[in-house]
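Colleague: show me how the following folds:
(one chain, ligands or ions: 1)
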Amino acid sequence: MIEIESLSRKWKNFSLDNLSLKVESGEYFVILGPTGAGKTLFLELIAGFHVPDSGRILLDGKDVTDLSPEKHDIAFVYQNYSLFPHMNVKKNLEFGMRMKKIKDPKRVLDTARDLKIEHLLDRNPLTLSGGEQQRVALARALVTNPKILLLDEPLSALDPRTQENAREMLSVLHKKNKLTVLHITHDQTEARIMADRIAVVMDGKLIQVGKPEEIFEKPVEGRVASFVGFENVLKGRVISAEQGLLRIRVGEVVIDAAGDMEVGDQVYAFLRPENIALSKSSTQSSIRNSLQGRVTEAWVLGALVRVKVDCGVPLNVLITRRSAEEMELSPGVQIYARFKASSVHVLR
Ligand SMILES: Nc1ncnc2c1ncn2[C@@H]1O[C@H](COP(=O)(O)OP(=O)(O)OP(=O)(O)O)[C@@H](O)[C@H]1O
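Modeller: Here you go, the predicted structure:
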């Protein structure tokens, strides 16, 4: 459906380099990356707002690289919604239809019903809440019955509850209208929940494409690992490697990890804070790693507590508030940090 072949474009101090990507028809595809990665520019290239320096864009097999945006037959929802403030909601919707020369008044009402904005049709966009504006922006995009929907951070301006409703609504519309969606976000949770597949973009480059579990469990580069939540990065050297089980020396500490490396390799071991458990005693269990250490800091974050532990290596740990209270955790307390070998993601 959407084929991007070696797309490059340079702006003053920023460039998108050699991006290639295939999005299947009907896929919900998320482009994930930190702020300034070039996600918006990438989406705008696909929509035809800029002409690339090199490379091709094919929509449904048709080369649209040099065609104007109207010929791309794509609907775009902007981060700030960009509703026309001098038109009421109904006229905002009708505008899109006029542009595409669609004359079907029923579509406005049907789309308004789908997006639950029937009661807002006479209102001025400036009087709407953020969530209502977002639904109107989506309605304006969908009223022309596009095959491809491009969403630029569509949920970032909404409060968490409204975000949840909007996510659900987007999923329903995606399935009902058999849309191919390209959704960009810097929010990992959003990407993980919504995507069939994810492309990670950083510094104008496409780093990894895969299913959510591949991106979140098997990131291919350290910067992706850090971005998707592997906060602990331990640099070490492999001292033994047998049947997929590695022993890695990190300073004075030795940890076990699952992976495919060779003895002598210098590696980075990545570990999520939520995959480390704390206990006051070193009880026997199948968990391979149990490092003795001392709590250096602890902050309460609602139902969770973020704990810094010094085990010869510094570790960030996230545990429930209840566990922290049961263990009477506070700076200076002696503790064991425990984690499975399979929780450690090892990269060269
Ligand atoms: N018209 C332009 N001319 C020159 N540079 C630009 C232009 N538009 C954006 N940039 C720069 O390109 C880089 C990528 O911007 P872009 O908006 O695509 O990032 P993003 O990944 O969408 O970030 P965010 O999540 O913050 O929106 C930034 O450094 C930005 O300053």
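
Colleague: my read: residue 237 touches residue 266, true?
Modeller: Yes. Checked against C-beta atoms under 8 Å, the pair residue 237 and residue 266 is within contact range at 5.4 Å. For the C-beta atoms, the positions are set from N, CA and C on the backbone; glycine is no exception.

Colleague: quick check: longest helix in the chain by residues?
Modeller: As assigned by DSSP state H, the longest helix anywhere in the chain is helix 160-176.

Colleague: ok so, going back, neighbour count for residue 237 and residue 266, which is higher?
Modeller: residue 237 (14 against 11; other C-beta atoms under 10 Å).

Colleague: packing partners for the one helix or strand the more buried one maps to?
Modeller: Secondary structure from DSSP states H and E places residue 237 in strand 232-242. Other helices and strands packing on strand 232-242, by 3 or more C-beta pairs under 8 Å, 6 or more residues apart in numbering; DSSP states H and E, are helix 222-227, strand 245-250, strand 253-258, strand 266-271.

Colleague: what about residue 194, distance to residue 332?
Modeller: Distance from residue 194 to residue 332, counting by C-beta to C-beta, to the nearest Å: 43 Å.

Colleague: of the two, who's got more company?
Modeller: Legend: neighbour count by other C-beta under 10 Å for residue 194 and residue 332, higher for residue 194 (22 against 8).

Colleague: okay but that one is in contact with residue 32, surely?
Modeller: No. Residue 194 is beyond contact range of residue 32, at 10.4 Å (criterion: C-beta under 8 Å).

Colleague: what angle do the longest strand along the chain and strand 245-250 make?
Modeller: The longest strand of the chain (DSSP state E) is strand 289-301. Relative orientation of strand 289-301 versus strand 245-250 (axes from the mean of the first three to the mean of the last three C-alpha atoms, to 10 degrees): 70 degrees.

Colleague: list the contacts for the nearest residue to residue 205 once chain neighbours are set aside?
Modeller: Counting by C-beta to C-beta, 6 or more residues apart in numbering, residue 205 lies nearest to residue 17, which is 5.3 Å off, once chain neighbours are set aside. Listed by C-beta atoms under 8 Å, 6 or more residues apart in numbering, the contact partners of residue 17 are 8, 204, 205.

Colleague: give me the number of residues near the nearest residue to residue 236 once chain neighbours are set aside?
Modeller: In space, and not counting its chain neighbours, residue 236 is closest to residue 250: 3.8 Å by C-beta to C-beta, 6+ apart. Residue 250 has 18 neighbours, counted by other C-beta under 10 Å.

Colleague: I'd guessed residue 304 sits against residue 323; true?
Modeller: No. With contact defined as C-beta under 8 Å, residue 304 does not reach residue 323; the gap is 9.6 Å.
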